[in-house]
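Peer 1: structure for this input, please:
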Amino acid sequence: MIEENGFWPAPSGRRFDATVLLPGSKSLTNRELVLAALASSPTTLIAPLRSRDSDLMIKALEALGTRFDWQGDDLIVTPNPLTGNVGIDCGLAGTVMRFVPPLAMLATGEVTFDGDEGARRRPMHTTIESLRSLGAEVSDATSLPFTVHGTGSVAGGELEIDASASSQFVSGLLLAAARFEKGLTLTHVGSELPSQPHIEMTIKCLQDRGVGASAISDSKWRVEPGTIAGGQVVIEPDLSNSGPFLAAAMVTGSTVRIPNWPGETTQVGKQYIDLLSRMGAEVSLSDGTLTLKGSGVIIGIEVDLSEAGELTPTIAALATLASSPSRLTGIKHLRGHETDRIAALANEINRVGAKAVELEDGLEIIPGDLKPVKWLSYHDHRIATAGAIVGLRVPGLEVENIQTTSKTMPGFEHIWQKMLDS
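Peer 2: As a prediction, this is how the structure comes out:
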């Protein structure tokens, strides 16, 4: 139930025993959509995510000429020559605004990119300058909106970029690079590189489609020119989206099971197993099902989340309810996400009655006596789900715009309630 003022009454927690089926991974879905649009033959994606971000990606690629046909829960993607003279709505999807512009160089004609108001504040300078360095004509801009004048071909070769603000800058270029005449040798020259596992995911997606792609070092990658294969690709469930449900079991002393958890994966959500164990949960993986048993007691944590920044809101919500302080570092890049996630989390944690101190690259959280508030979501799906977690222990807490979770998990609030009723 959503109140007329746009706030969702977060359910208070009680013990439950539930199984939660996760939708497909957003990170994998949007990477495979791009590769399918560039492939030499059709691709069938098995159980891809259907959400705002994936819909925006499909619409962007469809505007460039790709055909999409749903068959139940599966999606057949038929590549066609990329054509321009279109506008692309990126919404708030970082994967759309960073992955699609390199494809625009391979189209013929102008491709204009824009998005939500918040998207215009997200870092895009590196993508735009990369396209110019590769020979593309790009309108005079450093952020959305901007226009790429595609010529249908890219020479490629060698390129240096600073991807300190987002690993998506790297992935976007690597995904298209097999279609460059000389491929691409890409070097990151910045001081830090966040979310490196997402680059490893990109490399593996390319390799699985027969592309010669490899990491030369932690800051240098090579993609050979060549054909991107079609075929059938199974999309793993979104492990990052498991976080709120796993956290709910910890807060309420309950048991939750996540089926179809891959034994081997490049998703950063796999780090929940270690992180939540350190915070007091009993976690096991058997026959493809992850089971978490919580005691209701949460232990504070000191951790570098530079490789798993997207897990921060869930960990911060648990830290707010913990029995001891926490220190989360290595997440400076979160200031450039859907919102400044560090500032947003600090604001809401302080408003609810705990203490959060913003660090240069993270948060220090000291639990306190909590009170119900109207938890603001800042149009950010992960800030919204953090509020749902805190609300389990704070009766009367309300979360603003819970529908923002449709970015990666449509119907979150209904899945949440079903779990709590189990």
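Peer 1: quick check: mean pLDDT of stretch 283-298?
Peer 2: The average pLDDT within stretch 283-298 is 97.
Peer 1: over to stretch 360-379?
Peer 2: Average pLDDT, stretch 360-379: 97.
Peer 1: now swap in stretch 321-337 and tell me
Peer 2: 95.
Peer 1: OK, contacts around the residue in the chain sticking out farthest from the centre?
Peer 2: The C-alpha centroid of the chain is most remote from Asp369, which lies 31.9 Å away (CA atoms, centre = their mean). Contacts for Asp369 (CB atoms under 8 Å, 6 or more residues apart in numbering) come out as Gly353. Bear in mind the C-beta positions are built from the backbone N, C-alpha and C, glycine included.
Peer 1: need the three-state assignment for it.
Peer 2: For Asp369, the assignment made with DSSP: H, G, I helix; E, B strand; the rest coil gives coil.
Peer 1: ok, Leu292 next?
Peer 2: Three-state assignment for Leu292 (three-state DSSP): strand.
Peer 1: okay, and the beta partners of it?
Peer 2: Beta-bridge partners for Leu292, by DSSP bridges, are Val256, Val283.
Peer 1: can you count the residues close to it?
Peer 2: A count of nearby residues for Leu292, using other CB atoms under 10 Å, gives 24.
Peer 1: how about Gly396?
Peer 2: Applying other CB under 10 Å, we find 12 residues neighbouring Gly396.
Peer 1: the closest residue to it other than its chain neighbours: helix or strand, and which one exactly?
Peer 2: Residue nearest to Gly396 in three dimensions, not counting chain neighbours: Pro372, with 3.2 Å by CB to CB, 6 or more residues apart in numbering. Pro372 belongs to no helix or strand when elements are defined using DSSP states H and E.
Peer 1: now swap in Ala215 and tell me
Peer 2: When elements are assigned from DSSP H and E, Ala215 belongs to strand 213-217.
Peer 1: in that strand, which residues are buried?
Peer 2: Neighbour counts over strand 213-217 (16 or more other CB atoms under 10 Å) mark Ala213 as buried.
Peer 1: quick one, phi psi at the residue nearest to Gly396?
Peer 2: The phi and psi values for Pro372, taken as degrees, to the nearest 10, are phi -70, psi 140.
Peer 1: so what's the residue count around the closest residue to Ile58 other than its chain neighbours?
Peer 2: Setting aside the residues directly before and after it, Ile58 is nearest to Phe68 in space (CB to CB, 6+ apart), at 5.5 Å. The burial count assigned to Phe68 is 16, neighbours taken as other CB under 10 Å.
Peer 1: Phe68 belongs to a helix, doesn't it?
Peer 2: No. With three-state DSSP as the criterion, Phe68 is assigned strand and is not in a helix.
Peer 1: measure it to Pro42 for me?
Peer 2: Phe68 is 10 Å from Pro42, where distance means CB to CB, to the nearest Å.
Peer 1: overlap of the contact sets of those two?
Peer 2: Common neighbours of Phe68 and Pro42 (CB under 8 Å, 6+ apart) are 76-78.
Peer 1: low-confidence bits of the protein, can you list those?
Peer 2: Applying pLDDT under 70 to the chain flags the ranges 1-5.
Peer 1: just the helices in it please.
Peer 2: Secondary structure of the chain (DSSP state H): helices located at 26-38, 52-63, 94-106, 125-133, 168-177, 196-208, 243-252, 272-278, 312-320, 341-352, 381-391, 412-420.
Peer 1: with mean neighbour count and distance to Gly84 added, can I get those helices in a markdown table?
Peer 2: Shown next, in a markdown table, are the helices of the chain (neighbours: other CB atoms under 10 Å; distance: least, CB to CB, whole Å):
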| stretch | mean neighbour count | distance to Gly84 |
| --- | --- | --- |
| helix 26-38 | 27 | 14 |
| helix 52-63 | 22 | 9 |
| helix 94-106 | 26 | 7 |
| helix 125-133 | 19 | 14 |
| helix 168-177 | 28 | 15 |
| helix 196-208 | 20 | 24 |
| helix 243-252 | 25 | 39 |
| helix 272-278 | 19 | 41 |
| helix 312-320 | 28 | 37 |
| helix 341-352 | 22 | 34 |
| helix 381-391 | 27 | 31 |
| helix 412-420 | 18 | 36 |
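Peer 1: how long is stretch 371-385 end to end?
Peer 2: The straight-line separation of the ends of stretch 371-385 (CA to CA, to the nearest Å) is 18 Å.
Peer 1: do stretch 134-149 as well
Peer 2: Start-to-end, stretch 134-149 (CA to CA) is 12 Å.
Peer 1: again with stretch 315-335
Peer 2: 17 Å.
Peer 1: stretch 320-333 too?
Peer 2: The straight-line separation of the ends of stretch 320-333 (CA to CA) is 21 Å.
Peer 1: CA atoms of the strand holding Ala215 as CSV?
Peer 2: Output in CSV follows, covering the C-alpha atoms of strand 213-217 (Å, rounded to 0.1, in the frame of the first residue of the first chain):
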residue,chain,number,x,y,z
ALA,A,213,39.4,-10.3,-24.6
SER,A,214,41.8,-10.2,-21.6
ALA,A,215,43.1,-8.2,-18.7
ILE,A,216,46.8,-7.4,-19.3
SER,A,217,47.0,-6.0,-15.8
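Peer 1: give the other helices and strands that that strand contacts.
Peer 2: With contacts defined as 3 or more CB pairs under 8 Å, 6 or more residues apart in numbering; DSSP states H and E, strand 213-217 has these neighbours: helix 196-208, strand 220-223.
Peer 1: that strand pairs with which strands?
Peer 2: In the sheet, strand 213-217 lines up against strand 220-223 (antiparallel) (DSSP bridges).
Peer 1: C-alpha coordinates for the strand it pairs with, CSV please?
Peer 2: C-alpha atoms of strand 220-223 as CSV (Å, rounded to 0.1, in the frame of the first residue of the first chain):
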residue,chain,number,x,y,z
LYS,A,220,45.0,-2.4,-18.8
TRP,A,221,42.8,-4.5,-21.1
ARG,A,222,42.9,-5.8,-24.6
VAL,A,223,40.0,-6.6,-26.9
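Peer 1: neighbours of Ile298, how many?
Peer 2: Burial of Ile298 is recorded as 25 neighbouring residues (other CB under 10 Å).
Peer 1: same check, this time on Asn85
Peer 2: Per other CB under 10 Å, the neighbour tally for Asn85 reads 12.
Peer 1: which residues does it contact?
Peer 2: 109-111.
Peer 1: for these, which single residue is the most surrounded?
Peer 2: Val111 (26 neighbours).
Peer 1: quick check: closest non-adjacent residue to that one.
Peer 2: Using CB to CB, 6+ apart, the nearest residue to Val111 is Ala104, at 3.8 Å.
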